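Asks: Everything below, folded, please.
(one chain, ligands or ions: 1)
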Amino acid sequence: MVKDAEDPEFACRPGCGACCIAPSITTPIPGMPNGKPAGVPCVQLDENYQCRLFGSPERPTVCEAFSAEPMICGEDREEAIRILEDLEQHCSLG
Ligand code: SF4
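Replies: Numbers count the residues shown, from 1 in each chain. As a prediction, this is how the structure comes out:
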């Protein structure tokens, strides 16, 4: 269930990974020195859709700065991907 935007407990949805697939990333990622195109899963995304670099200083700054929030994450993973694809077409996320 998506919580209110003001809710400090709003957390990343387990098994999602939408923000590591849908947007392009223009800065280097370990294993992807030129960043990644939109729609391509990051090589650091594991089989459980979790970041292998979480908590590591190697994790890109853009990823550290991005946090889960209801307006982007939507009600489910499919909605998150749609929202992120739409944002990708209209503005650069990273
Ligand atoms: S480095 Fe981690 S947080 Fe950033 S896009 Fe890749 S998997 Fe996602």
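Asks: What residues does this structure have near the ligand?
Replies: 20, 25, 29, 42, 44-45, 51, 53, 59-60, 63 (CB under 6 Å from any ligand atom). To be clear about C-beta, it is placed using only N, CA and C from the backbone, and glycine gets the same treatment.
Asks: In CSV: these, plus neighbour count and secondary structure.
Replies: CSV is the format used below for the residues of the chain next to the ligand (neighbours: other CB atoms under 10 Å; DSSP: H, G, I helix; E, B strand; the rest coil):
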residue, neighbour count, secondary structure
20, 23, helix
25, 23, strand
29, 21, strand
42, 23, coil
44, 21, coil
45, 17, strand
51, 18, strand
53, 18, coil
59, 16, coil
60, 21, coil
63, 19, helix
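Asks: Specify which member of the residues you listed is nearest to residue 77.
Replies: The closest of the residues of the chain next to the ligand to residue 77 turns out to be residue 20 (CB to CB; 11.7 Å).
Asks: Hmm, residue 41 and the closest one touching each other?
Replies: Yes: counting by CB atoms under 8 Å, residue 20 touches residue 41, with 6.6 Å between them.
Asks: Please, where are all the strands along the protein?
Replies: Shown for the chain, no strands are assigned by DSSP state E.
Asks: all helices of it, in order?
Replies: Per DSSP state H, the chain carries helices over the ranges 61-65, 70-73, 77-90.
Asks: packing partners for the first one?
Replies: Using 3 or more CB pairs under 8 Å, 6 or more residues apart in numbering; DSSP states H and E as the contact test, no helix or strand touches helix 61-65.
Asks: how much space between the nearest residue to residue 11 once chain neighbours are set aside and residue 30?
Replies: Leaving aside its chain neighbours, residue 11 sits nearest to residue 68 (6.1 Å; criterion: CB to CB, 6 or more residues apart in numbering). Residue 68 sits 22 Å away from residue 30, going by CB to CB, to the nearest Å.
Asks: same question, residue 18
Replies: Distance, residue 18 to residue 30, by CB to CB: 21 Å.
Asks: Alright, calling it a day.
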